[in-house]
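**Student:** can't give you the sequence, but here's the structure:
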């Protein structure tokens, strides 16, 4: 009888832990509360970049973007502005180019380098070589944003979706989803809007 009771207590403890700890990658793309795995991707300067390189970061604004999608291009200045505003506060922008460059040669490394120089990117612009990282995130569009908060358990996904509510026209923005989410995290508050629909071009495989 004691063995049955002990087993019951152990089962309850395991189930409680499973429902209270953030999930790891499940194969369907990250959801809110999941822990994002680290990666090592080549930057336009030839160096390999990982989230673990950012020792003092409080979190990250991870964006899947490219050179060739008009939606991604429309957001470039806003990405630069986000990095300028939040990198010093602990939330740097990390840009990842997920497209198959055989399908979209305009997104190859040389083109990425030129685009970053022309636009004055202040953040790393990484190549998802072999397209191994974007499926883990569940990204489907360029741009597609994931805000991660660094915790003792890992980088927890806190927001997924669009940068704001005006994909093509920065002057038409009424709701700044990413800024609102990062401001909430910096203030120790819960992110109010955790998910929005990513608007952009499909990732080319």
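**Tutor:** Looks like it arrived, so ask away. If you're wondering where the values come from, they're calculated on a predicted model, not measured in any experiment.

**Student:** Any figure for the gap between the closest residue to residue 128 other than its chain neighbours and residue 150?
**Tutor:** Spatial nearest neighbour of residue 128, chain neighbours left out: residue 98 (4.5 Å); criterion: CB to CB, 6 or more residues apart in numbering. C-beta coordinates here come from the backbone N, C-alpha and C atoms, glycine included. Counting by CB to CB, to the nearest Å, the gap between residue 98 and residue 150 amounts to 23 Å.

**Student:** Same check on residue 73?
**Tutor:** 30 Å.

**Student:** for residue 141, phi and psi?
**Tutor:** phi -130, psi 160 (degrees, to the nearest 10).

**Student:** do the one 4 residues further on as well
**Tutor:** Recorded main-chain torsions at residue 145 are phi -110, psi 140, according to degrees, to the nearest 10.

**Student:** Stretch 56-64: which residues count as buried?
**Tutor:** For stretch 56-64, a neighbour-count test (16 or more other CB atoms under 10 Å) marks 57, 58, 59, 60, 61, 62, 63, 64 as buried.

**Student:** Same check on stretch 80-99?
**Tutor:** Under 16+ other CB under 10 Å, the buried positions of stretch 80-99 are 80-83, 86-87, 90-99.

**Student:** quick one: residue 192 and residue 180 touch, right?
**Tutor:** Yes. Applying CB atoms under 8 Å as the test, residue 192 and residue 180 come out as touching, 6.9 Å apart.

**Student:** The two: which has the busier surroundings?
**Tutor:** Legend: neighbour count by other CB atoms under 10 Å for residue 192 and residue 180, higher for residue 180 (15 against 10).
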